[in-house]
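Enquirer: got a predicted structure plus its sequence, pasted below:
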Amino acid sequence: MERIYLDNAATTPLDQEVMAEMVHVMSNYYGNPSSIHAQGREVRTLIEKARKTVAGLLNASPAEIFFTSGGTEADNTAIRCGISTFNIRHAITSKIEHHAVEHTLSMMLNQGAIDKLSYVNVDEKGNIDYNHLEELLSGNQRSFVSLMHANNELGTLTDIDRVGALCENYNAVYHCDTVQTMGHYSYDVRKLKAQFIVCSAHKLHGPKGVGFLYVNHDIKISPMIFGGAQERNMRGGTENVYGIVGLAKALEMAYSDLESHQQHIQDLKNYLKDRLVNEIPDVYFNGETDEDKSLYTVLSVSFPAMEMSDMLLFNLDINGISASGGSACASGSNIGSHVLTGVGADPNRPSIRFSFSKFNTKAELDVVVEKLKEIVEKNLVV
């Protein structure tokens, strides 16, 4: 049985061209990039070339790009170092952020690194209440704001230009978790009013274990990881050279076909959405689904209450279909999705997140709908 993979928001298949680039580097370049001899200088050149590629795609300076082990480290560095460097005592986020953000800020509050953690209101579809955000920003102290571009479970998009403008008006530091959107939307950091954005390569057909943090040149933060002078004294530790090269290649490929991939994947999302509504009774969707309000790679589906609803994902899995019930980072946990709880979703209705990539087809979605119909009809509560 050939499996159907619809969990691309968790991780994407490694593109073969990216793999070929990485294998070439693995086979031919082995020097430590911190060494001053020829082999070391060759590898240092590869890293700086990758940095220049990433910076060019974002309209950033190479000095603003710092390679990390992924989005979680990048988020942690931005939050912990941004807050401590500027001695900020008030942070603002939402209750539907990724745990890399929400848990980090909660830890800082519990440890006394900040005095106050405020949560901006969100509606039942995961939209930020911008008036409430402005109210939270209008206090007497400088704030650190961490709000993601697209929710990883719902797909709902935040107007990051509007958030950035509000933060600028109130002299706040703005960190935006862009893990789900990097490589899927075009960024111009010269226009974006965010001090920090992040990337995890495995979300855009690159390798796992590598990402980057963009830090606007107008600010300078202290490092989080010590032990060496790597990344211009910002991150100690020998660089993941193969991963860095793969990240740059993956992002370059994503930008080269951005519009065509977006159209292909949006068509898939619309197709599945329409088929589910027509084929399965009482189905609806979590979060926004309009094209201008929703991340085109994600569709969160709420199914009617059914017998053994907690087995829906398992039933899909044994039928060769990979999807997710929420954030992949919480897999194996018996705690429900904090995102769905945060938007007031009905706990009696099982939810599945389908997330698409350039490799998916409508033929696959036809199979998914037929399998879902069988499962729902067999277990539907009447």
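Expert: Arrived safely. Numbering: from 1, shown residues only.
Enquirer: for Val215, grab phi and psi.
Expert: Per-residue torsions, Val215: phi -120, psi 120 (degrees, to the nearest 10).
Enquirer: Phe196 is in contact with that one, correct?
Expert: Yes - in this structure Val215 lies within contact range of Phe196 using Cβ atoms under 8 Å: 6.1 Å. The way it works is simple: take the backbone N, C-alpha and C, and place the C-beta from them, glycine included.
Enquirer: joint contacts of the two?
Expert: Common contacts of Val215 and Phe196 (Cβ atoms under 8 Å, 6 or more residues apart in numbering): Ala78.
Enquirer: can you tell me the closest non-neighbouring residue to Asp310?
Expert: Counting by Cβ to Cβ, 6 or more residues apart in numbering, Pro350 is the residue found nearest to Asp310 once chain neighbours are left out, at 7.0 Å.
Enquirer: touching, Lys208 and Gly70? I think so.
Expert: Yes - at 7.4 Å, Lys208 and Gly70 qualify as touching, with contact defined as Cβ under 8 Å.
Enquirer: neighbour count: the two, which is higher?
Expert: Shown here are Lys208 and Gly70; by other Cβ atoms under 10 Å, Gly70 has more neighbours (24 against 16).
Enquirer: for the more buried one, what are its contacts?
Expert: Ser200, Ala201, His202, Lys208, Gly209, Val210, Gly211.
Enquirer: could these be laid out in TSV, adding distance to Ala323?
Expert: Shown next, in TSV, are these (distance: Cβ to Cβ, whole Å):
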residue	distance to Ala323
Ser200	20
Ala201	22
His202	17
Lys208	19
Gly209	24
Val210	25
Gly211	24
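Enquirer: most neighbours of all those, which one?
Expert: Highest count within the contacts of Gly70 by other Cβ under 10 Å belongs to Ala201, 31 neighbours.
Enquirer: so for that residue, what's the nearest residue that isn't a sequence neighbour?
Expert: Leu247 (3.9 Å).
Enquirer: pull out the buried residues from the host helix or strand of that neighbour.
Expert: Assigned by DSSP states H and E, Leu247 belongs to helix 241-256. Residues of helix 241-256 classed as buried: 241-255 (neighbour count, 16 or more other Cβ atoms under 10 Å).
Enquirer: other residues contacting that helix?
Expert: By Cβ under 8 Å, 6+ apart, helix 241-256 touches 14-15, 17-19, 21-22, 25-26, 29, 33, 43, 46-47, 49-51, 53-54, 57, 67, 182-184, 186, 199, 201, 204-207, 209-212, 261.
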